[in-house]
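Chemist: no sequence on hand, only this structure:
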């Protein structure tokens, strides 16, 4: 069977293909091809090894649809194996029709998802393989739950294997400590970069070269797949945890939005309680226009909360106003970014575990280095910082100690004005400093 399967791969992944280690930990740069290669090898395994079944895990279960599931379907199509598999998109699932092997999908975002994963079973064989994509999103406690799922006696010749694929972040991450700093016979660690990928296009090479010149430290992480320095990070005063989604649990709430298209458009719902900050929800998308983003926000981002937006795009702010949101421009000016950062650094930040893009940015948001002296300067690196901009915008009223009066957009109807006026009069005055 394996003789008729067409597989195009990069030589750098040969050690991974041969490995029977329980843990295969694949650290790599953006564009290294690790996810594509991983998907191809799992399809080969599903076809050629009866009794093996795959569990694909992301922090958020729904994220599998556009990542692990899409990669596996893409691999099936590239290898010309469409007739051998059936699949469903929602919920995602893949079955090999010749032997009954399955690919299942799960998340570990909350208690219900973690309990659901514990009860996953297959009709034929056992769950033997696990692919944890974007593994830096998950907590060590999440991993322990996943790891515990793969146990029990297997038929002769079979083995359990958990594969972690990820772009590295801070050198303080638990994955580095557990798998890279503590050698074990059960672990294969692997490193790859876009330079190892013979299928990468020239435009991507040019993009990485621009990154190397603009942000050398960021290039080390996203271009060379190296662990990020712990020095120079802007925010270390944060943690990821399950955060209450009940608006009434907070002293006040606000929304920050940083506009984008080619780079991300980031919207954060923020709360403040006893002078501590909370990130409740995020909407983080690329290559979508404002109307598309508004549709995604409806039902996820509340309309009756003030939304502080990038002042550079008044037309977009107006579109959000017309859609019923309380969008206003955020102040900008000399020293404003530094003042926003200083205020945020004085508070503890708790980010809901579902806000994976915000967490990723917090892990790499850092100060620029002076090219001559090599010392850090009081300017953040202006790259992959869309959620950080939304965070900075969203705290405007709290940072100004409640002294800012939010200007109501001119297109708000009289009924909306009356409702908002009543809300303001009934709201207890608070100060947040």
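Modeler: Great, that's in hand. Bear in mind the structure is a predicted one, so any value in this text is a computation, not a measurement. Numbering: from 1, shown residues only.

Chemist: going forward, measure contacts and count neighbours with C-alpha atoms only.
Modeler: Noted.

Chemist: who touches stretch 252-259?
Modeler: Contact with stretch 252-259 is made by 247, 265-273, 305-310, 313, 386-387, 389-395, as judged by CA atoms under 8 Å, 6 or more residues apart in numbering.

Chemist: out of the residues you listed, which are buried?
Modeler: With neighbours counted by 16 or more other CA atoms under 10 Å, the contacts of stretch 252-259 contain buried members at 265-272, 305-310, 386-387, 389-395.

Chemist: what's the longest helix in the protein?
Modeler: helix 34-48 (DSSP state H).

Chemist: tell me the mean pLDDT over the next helix or strand after that one?
Modeler: Sequence-wise, the next helix or strand beyond helix 34-48 is strand 52-58, with elements assigned using DSSP states H and E. Mean pLDDT, strand 52-58: 96.

Chemist: tell me which helix or strand comes right after strand 52-58.
Modeler: Following strand 52-58 toward the C-terminus (DSSP H and E): helix 68-78.

Chemist: what's that following helix packed up against?
Modeler: With contacts taken as 3 or more CA pairs under 8 Å, 6 or more residues apart in numbering; DSSP states H and E, helix 68-78 sits against helix 34-48.

Chemist: for the helix it packs on, which outside residues touch it?
Modeler: 1-2, 5, 7, 9-10, 13, 17, 26, 28, 52-54, 68, 71-72, 75-76, 96, 98-99, 101-102, 133, 165, 192.

Chemist: among those, which ones are buried?
Modeler: Buried among the contacts of helix 34-48 by 16+ other CA under 10 Å: 5, 9, 13, 26, 28, 52-54, 68, 71-72, 75-76, 96, 99, 101-102, 133, 165, 192.

Chemist: what pLDDT does residue 148 get?
Modeler: Looking at residue 148, the pLDDT reads 93.

Chemist: how near is the residue nearest to residue 138 when sequence neighbours are not counted to residue 110?
Modeler: Nearest non-adjacent residue to residue 138, counting by CA to CA, 6 or more residues apart in numbering: residue 59, 5.6 Å away. In this view, residue 59 and residue 110 are 9 Å apart by CA to CA, to the nearest Å.

Chemist: can you get me a residue count around residue 275?
Modeler: Residue 275 has 16 neighbouring residues, counting by other CA atoms under 10 Å.

Chemist: thought residue 150 was touching residue 143?
Modeler: No: Residue 150 is beyond contact range of residue 143, at 11.4 Å (criterion: CA atoms under 8 Å).

Chemist: what about the two, which has more around it?
Modeler: Between residue 150 and residue 143, counting by other CA under 10 Å, residue 150 is the more crowded of the two (19 against 15).

Chemist: and that one, what helix or strand is that in?
Modeler: Using DSSP H and E, no helix or strand contains residue 150.

Chemist: what does residue 379 give?
Modeler: strand 376-380.

Chemist: from the contacts of stretch 252-259, which land in helices?
Modeler: Judged by DSSP H, helices contain the following of these: 386, 387, 389, 390, 391, 392, 393, 394.

Chemist: what's the most distant pair in those?
Modeler: Farthest pair in the ones in helices among the contacts of stretch 252-259 (CA to CA) is 386 and 394. Separation: 12.3 Å.

Chemist: quick one: end-to-end distance for stretch 252-272.
Modeler: End-to-end distance for stretch 252-272: 6 Å, by CA to CA.
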